[in-house]
Every structure is written in structure tokens, then in C-alpha cells.
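Visitor: what would the 3D arrangement of this be:
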Amino acid sequence: MKRTALFLIAFFVAFIFVSAEASAAYNYDPFGDAIASAEALIARKVVDSSNLLDREGESAGYVFGALADVFAHEDRVFIVDSENDAVVVLDDEYRFIAAFGRDEGAGKLKNPRGIYVTEDYIYVADYGNNRVAVFTHDYEFSWEATTPDDPSFKQDPADERGYDFKPLKLAVNDAGRIYVVADQIFEGIIDLNPDGSFSRYVGASTVTLSVWEAFWLLFTTETQRRAQGYRLATSFVNVNVDEKGHLYTLSGLSEGSRVIKKLNNKGYDILWRNGYVPPVGDVASIDGRVKVPTGPSQLVDIDVNESGTYCVLDKTRGRIFVYDFEGYLLYIGGQLGNIGGAANNQRSLFLSPEALCFHKDGILVVDSLNKNLVVMGYTEFASLVNAASDRYFKGEYDEAMELWEEVLVHNTNYYLAYAGIGKALLRVGDYRGAMVNCKLGHDRYNYSKAYKYYRYEKMTVIFPYIAATALGLAVFLFVRSLRTSVRREQEEENNE
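Guide: Next up, the predicted model:
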């Protein structure tokens, strides 16, 4: 009877675990296994055509179509409505201000796909018009960047070579350089001068072959290789830029662990990947018990803030992955499903999420099928993690350590908090404490550094005593040896 009761209890607990597995918040441990985590992102507000108000509190009268991109700049939010050929502008309370790009004339948009906003201009990837359309902050058309002067593109409609210039996404740095991801372009990201003229390609991905493909190429003729067609490099999916001008890019799945890159001015990937798992979205296989789409994450958008923290959007399962500047996965939020008015139900957030961006105390996501804007707010747990990561990035190690300790109150199996405490202690010179916490956080690199300094510190304290002892022992042995020699000489003299 007792054994039966224990079996039933174990079965009940296992049933609860399996049932909750699909919806519970999770992260990855140092061994790459999914583990339970505190909830990080909660849908605070959903803005769609039914509740879109103007600044007077009246219905805005605008009906959202398929939404393709979102960008937050100062006190405004810009949403690309590709179905209605417009850019919708909201204030920081998500109230309707304007919709531009629909009026006849030079500024009329056609199937826009991406947007980027600077202090001077609003840049729109005007896919259907084969251009980058540039507007002022009064929503007036200013100028355009058309087909780049490069053999990859058709220079006129009758040209049989090259592709049409079809910009998908874009980013602009502080100097006004425009970086464009275009359809069917495999040479890299298009770098345009501030006046819109073509400069170069940046960060072209290398063509990779499997071992099997490389082996068979050894036995094929030139004619056979041509018949097999060209092997094209992976094209970019999206691009963003940080305050220092580094490009954050997304590539196709064939890039493996390098689907996310951080490119410097020379086009070299300098992204740190020090985390427990590579920054690729989901890393563990999805088993049959979880009722979500299977397969690797399809990352479609990326944004980065002033602390070097970046978030990416997975369209496969509707999840948001947030990483710090060193490549550690901070937390995961979101899930596919019909919103159905249940804004706080994390199992029913998105149908087809397209883009995201940081905004105020949360992350904004636009959905092309739900035709809405979802405002994801940080929980107390996520806010503490963000603050701790920000303090560490700024070199405020004492404050970071205190915040990591608060994080552990919310989630005791959050390994990154232990590693964060260890790194903070290492920076302030508490090497013993750093070793203990880095071990708990499975941070081998910083544990080794802490052990090195700890050993040096101990040797610095102990060495004078060791040296004095060794010197004393040497003097003692020398004096004893000298006395022994003198004694022997005296005995030999006496014997004579």
C-alpha cells in the first residue's frame, strides 16, 4: 500500500511537470539542458485596430494591416504597415499620432519592410519601389537612395543581368552611413554613403561545404561542377547598429553558431560568445511532449541597447532571447498562440511575430497575422537581471554584486547570478570569494583567473616567511657544517 502511494505521488508530480513544461519559463544550464526559470517578460498591453486611440482619447480610425517592423526613437514608436503601404507613428503611451507614406507623390510607399530613425531622418526600406525612402521628422519626403551602382543589380529595366534592388531591412550609424539587407543579395550587407551612393559590401559570409561535398568535389570535372550550380554564401536576414557603429546582424541557419554576428568597421565578427550556450536561440531539441513547432530557432530581428545587451526574435516558436554583451543568455520570454484578449497568458502571445525593439521598461513586438503591437514588460526578476548586467558593463562591480544577490532570491538556480557575483568579486580583489562563486556559476575562465591571483596573493604573504626559513636553515646547515669540519681537523691534529 505504501509503495503504491509513493508511485501515485511520483506519477502526479511527473504529470504536473510535463503539463507545465510547454508554458513554464525556462533557461539553459551550463550543460546545455533546459531548466525552470522565473518569468521574465509579461505582455502588459496589446495595441490593435480595436483599441488604437489618438491623443484626445478618441478612436484613431486606423485599421492595421500586416505589420513588418517596429522602431522606438525618443518619445515615438514607428510601425511599418506593409499591407497598407504606410508608417504608423505612436507616442510613448502608444496613442496614434500620424500615418505617412500613403499620399500620392514622391513619398508614396509600396510594400515597405523596414525602418530606422535617427536624429535627422526617418529611413524606410521601400521594397516595392526598389529604394530607401528618406523622410523628415515632419513626415515629409526628403530624398531617396535607389539602385546601387554595382553589377549585382540591374541598372535599368532592360538589363538581363543582376537583381532588382529590393531592400528588406536597414540601419544607419551616427555618421549617416546606411546599411541595407536586400533580397537575393549574397555578397554581404550593402554599405551606402550618407548621400545614398554605393560604397561597398560588408561582412560577406563564407561559403561552407560539408565533408561529403568537399570529398566528391575532388572527383568531379569542371563541367559537372557547373551543372551543379553556384554555391552561394548565406544571405543576411536583418541588421542593426550600436552606439559605437558596430553592426549586429542575423544570418541563415547554415551559419550554425554564428547566426548572430557583431561586425566591426572591417567587417570582422567580434561578437563575444562566452555564455553557457551559443547565442542561437533555442539550443536543446524540442521533444514531443511540448506542443510547439520543432526545429532550430529562426531568428528574424535583433535590437541592441546602450549596455550592449541584445534581444533577438525567434519566429519558429515566438520567443524572445535576451543576451548580455558577453554572450550570456539572460532570459527567455514569449510563445506562439492566438492572443485572444488574454494579454497575461504567456502561452498565447503571437501568431507570426515579425520584429521587436527595446522601449522604455520592456520590449515591443509586432505581429503580422495578429496585426497588433504587443508591449512586453519586464518582471521584477528581469529588471534585476537587466540592472545587474548594466552595472557590470559600466564597471560598477559592488552595485552589480548586490543586484545579483537579489536575483538569487527570485531564482536560486540562476547560475549566471553566481558567475556575476564571482566576476564582480574578482574585479574588486576578493579572489577567494570569486573562486567560490565562479565555481557555483560554472565559470571556468574567471575561476582560473581568480585562482591565479589568489595563489599569487597567498604566495606574496607567505613567501617572506618561506624565504626567511630557508635562509635560516641554510645558515644553520652552513654553521653546522663548518663546526663539523673544525672538529674533524682538531681530532686529526690530536691523533697526530
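
Visitor: check the gap between Y28 and P279 for me.
Guide: 11 Å (Cβ to Cβ, to the nearest Å). Quick note: C-beta positions are derived from backbone N, CA and C, even for glycine.

Visitor: quick one: which of these two has more around it?
Guide: Each of Y28 and P279 has its neighbours counted (other Cβ atoms under 10 Å); P279 has more, 23 against 19.

Visitor: right, and the more buried one touches G327 too?
Guide: Yes - counting by Cβ atoms under 8 Å, G327 is a contact partner of P279 at 5.4 Å.

Visitor: which parts of the stretch 301-450 of the chain are helices?
Guide: 380-393, 397-410, 415-428, 431-440, 444-495 (DSSP state H, counting those that start in this stretch).

Visitor: next, show the common contact partners of Y28 and P279.
Guide: Between them, Y28 and P279 share these contacting residues under Cβ atoms under 8 Å, 6 or more residues apart in numbering: L329.

Visitor: neighbours of I35, how many?
Guide: I35: 14 neighbours (other Cβ under 10 Å).

Visitor: what's the helix or strand for it?
Guide: strand 34-36 (DSSP states H and E).

Visitor: thought K423 was touching Y447?
Guide: No - applying Cβ under 8 Å as the test, K423 and Y447 come out as separate, 10.2 Å apart.

Visitor: so for those two, which residue has more residues nearby?
Guide: Set K423 next to Y447 and count neighbours by other Cβ under 10 Å: K423 wins out with 24 against 21.

Visitor: S485 versus the more buried one, what's the distance?
Guide: In terms of Cβ to Cβ, K423 sits 59 Å off from S485.

Visitor: which residues of the stretch 151-300 of the chain score low on pLDDT?
Guide: For the stretch 151-300 of the chain, the stretches flagged by pLDDT under 70 are 205-234, 285-292.

Visitor: could you redo the last one with a cut-off of 90?
Guide: Confidence mapping of the stretch 151-300 of the chain against pLDDT under 90 gives the ranges 151-164, 184-187, 203-235, 252-257, 266-267, 284-296.

Visitor: ranges for the strands of it?
Guide: Secondary structure of the stretch 151-300 of the chain (DSSP state E, counting those that start in this stretch): strands located at 167-172, 178-182, 189-192, 198-202, 236-241, 247-251, 260-263, 299-304.

Visitor: average pLDDT across stretch 335-353?
Guide: For stretch 335-353, mean pLDDT rounds to 61.

Visitor: over to stretch 455-464?
Guide: 72.

Visitor: now F100: closest residue in space that isn't a chain neighbour?
Guide: Y139 (3.9 Å; Cβ to Cβ, 6 or more residues apart in numbering).

Visitor: read off the pLDDT value for that neighbour.
Guide: Y139 is given a pLDDT of 97.

Visitor: next: the one 5 residues further on.
Guide: Note for E144: predicted pLDDT of 97.

Visitor: what sits against it?
Guide: Counted by Cβ under 8 Å, 6+ apart, E144 has contacts A106, D126, R131, V132, A133, V134, G196.

Visitor: ditto for Y201
Guide: E187, G188, I189, I190, D191.

Visitor: what about the third one, neighbour count?
Guide: I189 sits with 25 neighbouring residues when counted by other Cβ under 10 Å.

Visitor: same check on R177?
Guide: 16.

Visitor: is it true that it touches I189?
Guide: No - with contacts counted by Cβ under 8 Å, R177 stays clear of I189, the gap being 10.9 Å.

Visitor: before we move on, the earlier item: direction included, what does the strand holding I35 pair against?
Guide: strand 26-28 (antiparallel) (DSSP bridges).

Visitor: hey, what's in contact with both of P279 and G327?
Guide: With Cβ under 8 Å, 6+ apart, P279 and G327 have common neighbours L271, R273.

Visitor: my guess is G101 contacts V124, does it?
Guide: Yes - G101 is within contact range of V124, at 7.0 Å (criterion: Cβ under 8 Å).

Visitor: more neighbours: these two, which one.
Guide: V124 (31 against 23).

Visitor: which SSE is that one in?
Guide: strand 122-126.

Visitor: what does L90 give?
Guide: strand 86-91.

Visitor: I'd like the next helix or strand past the strand holding I35.
Guide: Assigned by DSSP H and E, the successor of strand 34-36 is strand 41-47.

Visitor: that next one to helix 380-393, inter-axis angle?
Guide: Relative orientation of strand 41-47 versus helix 380-393 (axes from the mean of the first three to the mean of the last three Cα atoms, to 10 degrees): 110 degrees.

Visitor: partner strands of strand 41-47 and their direction?
Guide: strand 372-378 (antiparallel).

Visitor: what's the separation between the spatially closest residue to D282 that is not a sequence neighbour and G252?
Guide: Once flanking residues are discounted, D282 sits nearest to S297: 4.9 Å by Cβ to Cβ, 6+ apart. With the distance defined as Cβ to Cβ, S297 ends up 12 Å from G252.

Visitor: comparing the two, which residue is more hemmed in?
Guide: Comparing S297 with G252 by neighbour count (other Cβ under 10 Å), the higher total belongs to S297, at 19 against 14.
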